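Novice: Structure of the sequence below:
(2 chains)
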Amino acid sequence: MASPVRVRIAPSPTGMPHVGLFHTFLYNWLYARHTGGQFIVRIEDTDRARAVEGAVEALLEAIRWLGLDWDEGPEVGGPYGPYVQSQRLPLYREHAEQLVAAGKAYYCYCSPERLAVLREQQERAKVPPGYDRRCRYLAPAEREAAAAAASTPPVIRFAVPLEGETTFHDLLRGPITWENRLLDDFVILKSDGYPTYHLAHLVDDHYMRITDVLRGDEWISSTPRHILLYRAFGWEPPRFCHLAPLLGPDGKKLSKRHGATAILDYRDAGYLPEALVNYLAIIGTSYDPEGKREIYSLPELIAAFDLQHINKSGAVFDLRKLDWMNGYYIRQLRQDDLARRLLPFLERAGLQAELAYVERLVPLVQERLTKLADAPALLRFAFVDELDYEAKNLIGKGLTAEASREALAAALELLRDIPEFADAPLEAAMRQLADTVGVKSGQLFMILRWAVTGTNVSPPLFASMEVIGRERTVARVAEALRRLDALIAERGRGGS
RNA sequence: GGCGCGUUCGUCUAGCGGCCAAGGACACCGCCCUCUCAAGGCGGAGAUCGCGGGUUCGAAUCCCGCACGCGCUACCA
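Specialist: Numbering: from 1, shown residues only, chains lettered A, B, ... in the order given. Down below sits the predicted model:
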């Protein structure tokens, strides 16, 4: 390759960074890493009306959380900075005026009101909407009069060639041709002095030496304008690759109304960054020539990434597959690693614990978790002694209250006396006890499950007992016995 | 309306003229394992490759129409 690949992601800070952005982010990033090129982050904050406080910070935080990075951009700087467009304003004005001086752009004094009326008329007349180029043909005297009459500063519009067509080559889709007459004279510098995307991204891409633009396919129809602008400046355009969007379940472009789309929400819900990266990377493309493998570490993704295998059509973001993948990644984690990651989720649920204790809990839940945030519900019993359940649950399925009580009482004895209070011996002893008492082991176990964990869905019973220890187990079973006795007594008195 | 892009199981994908009466993954169903829930193992159902024409000995793969979906059509990106 002639020169190293330089790609960029150029988000506008108008909200919390979401999965769609990171899908595009990842493709750019992987492309840069695969080719040994550079990856740049540039903040496109030229829309002052839609700016959102904290969006840039959230973006950088999300990048770091996912385990990704950037070579040039905010915080790290670089040779072509600044990397925030609002800090480059003079550059854009200068270039817009340069085009005006060359007769390739012009000041437009039309008011928003006139433009609105114009658009309305065009809609009614069913003609393609677009600026009617009134200011393009103003004589010098008329221009002065218009300038004097205008209440706001003029915008600068690009003078699109009236005839001919513009073609560009898309890396994914081949040549795409547009008739110039379909393009109107778009604004490149707004009246507030800020550039529009069309001007700003292009000037920056040029000076930042961007070689490849991988962006959403909603930009396809704007690309001919960009090509025209590059030509007007006499610059060589970069290569373009327009990516299909991520879709919601309804087949429309993924957006907030589809539910959780902010990357950091996924972090807070207990998704692992490596799982999210893997899923985001895999969706819309493929890495395996056999078409079978889907689990890839970041280094493996970098090695396997290939522009040629990106799909041209939009892909539905499937939460269920992400869930599966997240659970898979959780299962692969080392115990101490999972424990460390679980800590904040337990804490947030009000379950305080030492890392060492959580490490002992991990084997109980590791293969049962889809998300880290699922852990507190499953492990609550290991932190809290007051269990909230109804006494009638202590009556075994198909058993009488009395028979259940007898089994529970016998189990309590056993728990007090058993020499080794551990998983295997406990299970063996309890099976034997069930036999001698005359209940099925499954019946006994469920009674004990309620007694010890307060639910009917829990981690394996005896391993759970071992972890919370003899003392707490015995106390809970004793408490269960009291509740069952109370229930039996109440029934004896004629209660239901 | 105009212009553009797209179209393989419910979803993500493999496929780049014969190896495809279309393979894998998620989800779903069944069986096994099993102290509940999971995990795991095995198996099943699921796409006449949007439709219609061509080209070819042969098309999911090439060409042309049509349909449908999505996108753009702002002093938003």
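Novice: where do the strands sit along chain A?
Specialist: Counting by DSSP state E, chain A has these strands, from start to end: A:6-9, A:38-41, A:105-108, A:155-158, A:165-170, A:174-179, A:187-189, A:212-216, A:239-243, A:246-247, A:315-316.
Novice: With mean neighbour count, distance to residue A:116 and mean pLDDT as new columns, can the ones you listed be given to me in JSON lines?
Specialist: All C-beta atoms are positioned from the backbone trio N, CA, C, and that covers glycine. Formatted as JSON lines, the strands of chain A follow (neighbours: other CB atoms under 10 Å; distance: least, CB to CB, whole Å; pLDDT from 0 to 100):
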{"stretch": "strand A:6-9", "mean neighbour count": "25", "distance to residue A:116": "34", "mean pLDDT": "98"}
{"stretch": "strand A:38-41", "mean neighbour count": "24", "distance to residue A:116": "36", "mean pLDDT": "98"}
{"stretch": "strand A:105-108", "mean neighbour count": "22", "distance to residue A:116": "15", "mean pLDDT": "96"}
{"stretch": "strand A:155-158", "mean neighbour count": "24", "distance to residue A:116": "15", "mean pLDDT": "97"}
{"stretch": "strand A:165-170", "mean neighbour count": "15", "distance to residue A:116": "28", "mean pLDDT": "94"}
{"stretch": "strand A:174-179", "mean neighbour count": "12", "distance to residue A:116": "26", "mean pLDDT": "92"}
{"stretch": "strand A:187-189", "mean neighbour count": "25", "distance to residue A:116": "15", "mean pLDDT": "97"}
{"stretch": "strand A:212-216", "mean neighbour count": "21", "distance to residue A:116": "28", "mean pLDDT": "97"}
{"stretch": "strand A:239-243", "mean neighbour count": "21", "distance to residue A:116": "31", "mean pLDDT": "96"}
{"stretch": "strand A:246-247", "mean neighbour count": "23", "distance to residue A:116": "33", "mean pLDDT": "94"}
{"stretch": "strand A:315-316", "mean neighbour count": "16", "distance to residue A:116": "37", "mean pLDDT": "95"}
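Novice: Which of those strands sits closest to residue A:296?
Specialist: Nearest of those to residue A:296, taken as CB to CB: strand A:315-316 at 16.7 Å.
Novice: Please point out which parts of the helix or strand of chain A with the lowest mean pLDDT sit buried.
Specialist: Scoring the helices and strands of chain A by mean pLDDT, DSSP states H and E places helix A:112-124 at the bottom, with a mean of 89. Neighbour counts over helix A:112-124 (16 or more other CB atoms under 10 Å) mark residue A:118 as buried.
Novice: check whether it contacts RNA strand B.
Specialist: Yes. Remark: helix A:112-124 sits within contact range of RNA strand B at A:112, A:115, A:119, by CB under 7 Å from any atom of the strand.
Novice: Now do that helix: distance to the chain's middle.
Specialist: 39 Å (CA atoms, centre = their mean, to the nearest Å).
Novice: Just the residues contacting that helix, thanks.
Specialist: Helix A:112-124 is contacted from outside by A:128, A:129, A:130, A:131, A:132, using CB atoms under 8 Å, 6 or more residues apart in numbering.
Novice: cool, and stretch A:137-154?
Specialist: With CB under 8 Å, 6+ apart as the test, stretch A:137-154 has contacts from A:106, A:107, A:108, A:109, A:111, A:135, A:191, A:192, A:193.
Novice: so which of those comes closest to RNA strand B?
Specialist: RNA strand B lies nearest to residue A:191 out of the contacts of stretch A:137-154, by CB to the nearest atom of the strand, at 3.4 Å.
Novice: Next up, the contacts around the closest one.
Specialist: Contact analysis of residue A:191 by CB under 8 Å, 6+ apart lists A:152, A:153, A:154, A:155.
Novice: tell me which parts of the stretch 51-200 of chain A are close to RNA strand B?
Specialist: Counting by CB under 7 Å from any atom of the strand, the stretch 51-200 of chain A sits next to RNA strand B at A:110-112, A:115, A:119, A:126, A:128-131, A:152, A:155, A:173, A:176, A:178, A:182, A:186-187, A:190-192, A:194-197.
Novice: CA atoms of stretch A:92-99 as PDB?
Specialist: The C-alpha trace of stretch A:92-99 is given here as PDB (Å, rounded to 0.1, in the frame of the first residue of the first chain):
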ATOM      1  CA  TYR A  92     -13.400  26.700   7.700                       C
ATOM      2  CA  ARG A  93     -14.300  30.400   7.100                       C
ATOM      3  CA  GLU A  94     -11.000  30.900   5.300                       C
ATOM      4  CA  HIS A  95     -11.700  28.000   3.000                       C
ATOM      5  CA  ALA A  96     -15.300  29.000   2.400                       C
ATOM      6  CA  GLU A  97     -14.100  32.500   1.400                       C
ATOM      7  CA  GLN A  98     -11.400  31.100  -0.700                       C
ATOM      8  CA  LEU A  99     -14.100  29.400  -2.800                       C
END
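Novice: Could you give me the buried positions within that stretch?
Specialist: A:92, A:93, A:95, A:96, A:99.
Novice: Which single one of those is nearest to RNA strand B?
Specialist: residue A:92 (10.4 Å).
Novice: what's the nearest residue to that closest one if we skip its chain neighbours?
Specialist: If the residues on either side of it in the chain are set aside, residue A:92 comes closest to residue A:195, at 3.7 Å by CB to CB, 6 or more residues apart in numbering.
Novice: For the one you found, list the residues it contacts.
Specialist: A:46, A:85, A:89, A:92, A:93, A:96, A:188, A:189, A:203.
Novice: now those residues in TSV, with distance to residue A:371?
Specialist: Formatted as TSV, these follow (distance: CB to CB, whole Å):
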residue	distance to residue A:371
A:46	37
A:85	37
A:89	44
A:92	44
A:93	49
A:96	49
A:188	46
A:189	47
A:203	43
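Novice: Which ones among the residues you listed map onto helices?
Specialist: Among these, the members found in helices (DSSP state H) are A:89, A:92, A:93, A:96, A:203.
Novice: who in the stretch 201-350 of chain A is up against RNA strand B?
Specialist: Near RNA strand B, when you scan the stretch 201-350 of chain A using CB under 7 Å from any atom of the strand, you find A:201, A:217-222, A:244-245, A:247, A:251-253, A:282-286, A:289-292, A:294, A:308-309, A:311-316, A:318, A:320-321, A:323-324, A:327-328, A:331.
Novice: any idea how far residue A:461 is from residue A:429?
Specialist: Taking CB to CB, to the nearest Å as the measure, residue A:461 falls 12 Å from residue A:429.
Novice: Which residues are in contact with each of the two?
Specialist: With CB under 8 Å, 6+ apart, residue A:461 and residue A:429 have no common neighbours.
Novice: Grab the longest helix from chain A for me.
Specialist: Max-length helix for chain A by DSSP H is helix A:461-492.
Novice: ok, it near RNA strand B or not?
Specialist: Yes. Using CB under 7 Å from any atom of the strand, helix A:461-492 reaches RNA strand B at A:461, A:462, A:463.
Novice: quick check, nearest of the residues you listed to RNA strand B?
Specialist: Among these, and counting by CB to the nearest atom of the strand, the member closest to RNA strand B is residue A:461, at 3.5 Å.
Novice: The closest one contacts residue A:445, correct?
Specialist: Yes. In terms of CB atoms under 8 Å, residue A:461 counts as a neighbour of residue A:445; the distance is 5.6 Å.
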